[in-house]
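J.: Any chance you can model this:
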Amino acid sequence: MQAKGGVRSLNKSDQKFFLVREDVLPEAMKKTLDAKEMIERGKAESVWEAVKRVDLSRSAFYKYRDTVFPFHTVVKEKLITLFFYLEDRSGTLSELLRLVASSGCNIMTIHQTIPLQGRANVTLSLNTGGMTMDIDDLLTKLRKMEFVEKVEIIGNGA
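T.: Purely as a prediction, here's the structure:
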C-alpha cells in the first residue's frame, strides 16, 4: 500500500524482522542502542541523561527504542512480551491462547484489562524456546485473527 509521497505504509500483517550489519544502520539507531545499553548497565540514570551523553534527541530515542536490538540479546533471549488490542467478544482470549500454544510457545503470564468501549488490552509473556514456527509467522497469524486490532512486541528478555 502506498501512502502520500510514495512512502510505503505497513499494514499490521506486513511487519517483518531483519538482521542488519551495524555499518549500514543510521546514526540515530546506533546512538539509540548505545543509550539503551547505558540505561541497562546503570551508566545513565534516565533516558534524558543517556541521550544527552550520546548526542541524540529524545524523540529519536523513543522512535527507535522498541525497534532496534543488539543481535546477541535477540539470540539468547527466550522470553518475549506481546501486547494486544482485542475486540471484546466471547471466546476471543481462548482462541488467541490456542493459537499461541499451537506455535509451541509456553505462556508464562497473562494480563487482561477490563473491556471498555468494546475493546480489551491483553499482555502475554511467552517462552519461545519450544517454538515450532518463526516469530514473524506467528505474528502474521495473530494479526490476521478477526478480533485482533493490534499486536506489538513490547519486550524481550530472560
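J.: Please name the nearest non-neighbouring residue to D55.
T.: K31 (6.9 Å; CB to CB, 6 or more residues apart in numbering). The C-beta positions use only the backbone N, C-alpha and C, and glycine is treated the same way.
J.: got it, and E149?
T.: Closest residue to E149 apart from its sequence neighbours, by CB to CB, 6+ apart: Y85 at 4.2 Å.
J.: tell me the secondary structure for that neighbour?
T.: Of the three states, Y85 takes strand under DSSP: H, G, I helix; E, B strand; the rest coil.
J.: List the contacts of it.
T.: Counting by CB atoms under 8 Å, 6 or more residues apart in numbering, Y85 touches R119, A120, N121, V148, E149, K150.
J.: okay if I get these as TSV plus neighbour count?
T.: What follows is these, written out as TSV (neighbours: other CB atoms under 10 Å):
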residue	neighbour count
R119	13
A120	19
N121	15
V148	20
E149	13
K150	13
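J.: Distance to V100, secondary structure and pLDDT for those residues - can I get that in CSV?
T.: Listed next are these as CSV, based on distance: CB to CB, whole Å; DSSP: H, G, I helix; E, B strand; the rest coil; pLDDT from 0 to 100:
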residue, distance to V100, secondary structure, pLDDT
R119, 20, strand, 93
A120, 16, strand, 93
N121, 16, strand, 94
V148, 12, strand, 95
E149, 17, strand, 93
K150, 16, strand, 92
